[in-house]
Each structure stands twice: as C-alpha cells, then as structure tokens.
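**Q** From the sequence below, what's the structure:
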Amino acid sequence: MGIVVALLAAMIISRAVRLWWTYRGDRVITCPENHRPAGVRVDASHVAAQPFAKSAHLQLSSCSRWPERAGCGQECLSQVAAAPEDCLVRNILVHWYVGKRCASCGQPFGEIPLTGAKPAVLCADKITVEWSEIPADRLAETLASAQPICFACHMGSTLVRTHPELAVDRHRRAG
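**A** Model prediction:
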C-alpha cells in the first residue's frame, strides 16, 4: 500500500513540476486588443497546483499592459497554450544567437546554458545590455537593430562604461 501511495505522489509531483517548467518565465505575445507585442508572465504555480486538470487552466500573473488593462479577458493566453515554448523570451533569444558570432571578438556562439553566464545584446546606441534588461514587449524591435555580443565582451564593455578609471587600453598606436 505504501508503494502505491509513493508512486502516486511521485506521479503527481512529476506532473506538477513538468507543468510549472512548461509555463514558467517571461513571454512575448501579440495583444489581441491592439495587435502589438506585450510581455506577459503566466502564473506557473497556479497551473502546477492542478496537475490532473483535463487542460491547463492558465492565468496571467503579470502583463506589460497592466495596470491600465488589468481587467482584460486574457485572450492572449490562447497563444501561450498553443505554443508555450515558442513565445518564451529565453527561447526567442537563444534562437536569435544561432549561427551568429560576437560582434566584438568574432567568437561563434555555442549552446547557451540555462544557468550561468549568458551572452548579451549590443544595442544600436552601442551599449551592451543583458537579457533581463530588455522589456519583453520591446524584444523584437531591440533584436531587429542589435548585434550579438559574448559574455566576456559584454563584461569588458560594461567595465569600461561604468568604471573607465579601472580600464587600461593595451593597444598601442603606431607612431
């Protein structure tokens, strides 16, 4: 009897974790009201708390159009339900780096890890920014005018920009 209970508990926990993993993170959707990009976050804990529901009951925990449009019908959730991985900001960014090289040092981008150092984005104004600094609702327009930059070059650029007194230019000019 104890084995059956343990197996059932393991199944419930496994399903809950899988649901949470599927619906966690920031996403970009097209707002059905104004047909413009919006950044949303699904309440993944709410979905995970119902591991055996016939279909996942999605609800937003945040939206870039809130608080002004907080009372909306959340019709955008159909986009998340239809393709949860395709609208995830992290996946959009990882896909953007495929086949590209760092705009500064020329190193090709390999697999981007889930944790740890991540590449950055060199914006049109020549300032590098981390992924977390790009609002989800402006992701597409930012990437359209940006270049990829590796973590090392991003950190070097940030150091020079924020603490120029600590940076030393080792490139010597001829003559």
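
**Q** How far off centre is the longest helix seen in the chain?
**A** Ranked by residue count under DSSP state H, the longest helix found in the chain is helix 2-23. Relative to the mean C-alpha coordinate of its chain, helix 2-23 is positioned 26 Å out (C-alpha atoms, centre = their mean, to the nearest Å).

**Q** and after that helix, which helix or strand comes next?
**A** Using DSSP states H and E, the helix or strand that follows helix 2-23 in sequence is strand 26-30.

**Q** Report the buried residues of that following strand.
**A** Across strand 26-30, burial judged by 16 or more other C-beta atoms under 10 Å covers 26-29. Every residue, glycine included, has its C-beta placed from N, CA and C.

**Q** Please work out the average pLDDT along that strand.
**A** Regarding strand 26-30, the rounded mean pLDDT is 96.

**Q** Likewise for stretch 47-60?
**A** Confidence over stretch 47-60 (mean pLDDT, whole number) is 82.

**Q** How far does that stretch stretch from one end to the other?
**A** Stretch 47-60 stretches 10 Å from its first residue to its last (C-alpha to C-alpha, to the nearest Å).

**Q** Sketch out the helices for this structure, chain order is fine.
**A** Under DSSP H, the chain gives helices at 2-23, 44-48, 77-82, 89-97, 139-145, 151-162.

**Q** could these go into TSV alongside distance to Ser64?
**A** Putting those into TSV (distance: least, C-beta to C-beta, whole Å) gives the following:
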stretch	distance to Ser64
helix 2-23	18
helix 44-48	18
helix 77-82	14
helix 89-97	12
helix 139-145	11
helix 151-162	24
